[in-house]
Structure formats: C-alpha cells, structure tokens
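Colleague: pasting the sequence and the predicted coordinates here, then a few questions.
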Amino acid sequence: MADIQSMLGKEVEVIANGMKYAGVLVEVSDVEVHLKCAMQWISLPVSSVSDVRLKGAAADRLKESDFTDPMSFRS
C-alpha cells in the first residue's frame, strides 16, 4: 500500500461513511482529508475515512477470474 504522503497531488479514491469520493488529494491533516474534485472541494473528517487509494488501483478492478462460471456447476 502506498504511503498517503506519496499520494498528494494525485487522483485518488477515498471511502468515507460508505461513500466513494474521487478527486485530487490536496491535504491530509490529523483532522481532515481535502480533495479537489471537478466541481468542488471536499473536506472529510479523518475519523470517517476507511480507505484512501490511487484512482484505478488494482484492488478496485475486477477481473474475469474473480467470478465463478455458473455453468461449471452442471451435473
């Protein structure tokens, strides 16, 4: 996992309170996470953030091998 400081100035996805926010990570403090989005700035309380990752990170991508073929269970 990348260090949060190395993500500053990059496109990220932040999961907070069950919602996904996407934008450029501008600042992280002890209290808030600040994102610059297309139409606005978003400030999220650190206590509500459960994940910060680079946009399009491998953990967010689904591959065909992640799914089970339902036809393979035929008897």
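Modeller: Okay, I see it. Please read these numbers as outputs of a predicted model, since none were measured by experiment.
Colleague: contacts only, for the nearest residue to Leu25 once chain neighbours are set aside.
Modeller: Nearest residue to Leu25, sequence neighbours excluded (C-beta to C-beta, 6 or more residues apart in numbering): Val12, at 4.6 Å. (Glycine included, C-beta is placed from N, CA and C.) Contact analysis of Val12 by C-beta atoms under 8 Å, 6 or more residues apart in numbering lists Ala22, Gly23, Val24, Leu25, Leu35, Val52, Arg53, Leu54, Lys55.
Colleague: for the first one, give the beta-bridge partners.
Modeller: Which is Ala22. When bridges are called by DSSP bridges, Ala22 pairs up with Glu13.
Colleague: ok, it - how many residues close by?
Modeller: 14 (other C-beta atoms under 10 Å).
Colleague: follow-up on the earlier one: and the pLDDT at the residue nearest to Leu25?
Modeller: Among the per-residue scores, Val12 shows a pLDDT of 95.
Colleague: and stretch 22-35, what's its mean pLDDT?
Modeller: For stretch 22-35, mean pLDDT is 95.
Colleague: can you pull the buried residues of that stretch?
Modeller: Gly23, Val24, Leu25, Val28, Val33, Leu35 (16 or more other C-beta atoms under 10 Å).
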